[in-house]
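**Student:** Sequence plus predicted model, see below.
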Amino acid sequence: MLQLPWLDPHVPHFPDTASALTSPNGLLAAGGQLSPSWLLTAYSQGIFPWFSDGEPILWWSPSPRTFIHIDQLHISRSLHKSIKKTPFTITFDTAFESVMEACAEPRSNDVEAGTWISEEIIDAYSELYQLGHAHSIEVWEGDSLVGGLYGIALGRMFFGESMFSRRTNGSKIALFHLVEQLKKWHYVGLDCQVYNDHLASLGAVEIAREEFEELIKQYVSDVDCHWRTVESTNDMNSPDLSENKTSDK
């Protein structure tokens, strides 16, 4: 039978991540809370919550970790053209809960499939947003929200949580503009948690837990940037892409 450490809800303290299970990869502990102090303590150690309705809070630290180095985002030629030609408007931190709710929508034709982004999760991360730690990037077509993503910013690290698209490349366009902004703020990378082909196509790589935690130790303590000062932009006037690596895809 699976045995996990059960966390005292009164103290945000986690076991050593080296004790995380290998199957399922990275499962570390259960219990605790989703309060800001718990979540910030978790992310500052490379730990994140991931659980379904009806389950206790489950905390994870997988190895390897999927990560995008800030100067290694891969922009294909087709995405390059899409960013240059599509008349989407990009905003930061203007519709955080709407982005989370969109990310929570079923990703398949099975409407009973559900999602791990429950009302409890939305409430917890919305509180982090109000405190200035959680952030969203929105892609708009007129007044319609058609793509976006959200995550946590600590120091010079961004911890991505989820993204969505209601139009072709909606989430990729959001990611591109996020990374462009992070470059200006001298961030070092974007945590993507676990591998999938979609992320790999954008330049995400797998690194060992130990390497990821060294990056956290080095950069999470740096001063956070002023997200609320980011201005909206339109993709018709998007940043110059000439220095980004491209392919024929």
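**Tutor:** Everything's here; your move.

**Student:** domains for this structure, by residue range?
**Tutor:** 6-62, 66-237 (automatic domain parsing).

**Student:** Is it possible to get TSV of these that adds mean pLDDT?
**Tutor:** Shown next, in TSV, are those (pLDDT from 0 to 100):
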stretch	mean pLDDT
domain 6-62	96
domain 66-237	87
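
**Student:** could these go into JSON lines alongside mean neighbour count?
**Tutor:** Just so you know, the C-beta spots here come from the backbone N, C-alpha and C atoms, and that holds for glycine as well. Below are the domains of the chain laid out as JSON lines (neighbours: other CB atoms under 10 Å):
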{"stretch": "domain 6-62", "mean neighbour count": "17"}
{"stretch": "domain 66-237", "mean neighbour count": "18"}
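
**Student:** This structure: helices as residue ranges?
**Tutor:** With DSSP state H, the ranges of helices along the chain come out as 36-43, 77-85, 96-103, 119-130, 170-184, 197-201, 209-219.

**Student:** ok, longest strand in the protein?
**Tutor:** Counting residues, the longest strand found in the chain (DSSP state E) is strand 144-154.

**Student:** To residue 11, which of the helices of the chain lies closest?
**Tutor:** helix 36-43 (9.4 Å; CB to CB).

**Student:** residues in contact with the residue sitting nearest the centre point of the chain?
**Tutor:** The centroid of the chain falls nearest to residue 160 when counting by CA atoms, centre = their mean (1.0 Å). Contacts for residue 160 (CB atoms under 8 Å, 6 or more residues apart in numbering) come out as 149, 151, 190-193.

**Student:** quick check, nearest of those residues to residue 87?
**Tutor:** residue 149 (20.0 Å).

**Student:** Identify the residue nearest the closest one in space, chain neighbours excluded?
**Tutor:** Excluding the flanking residues, the one nearest residue 149 by CB to CB, 6 or more residues apart in numbering is residue 163, at 3.6 Å.

**Student:** Before I go, just wanted to say thanks for your time.
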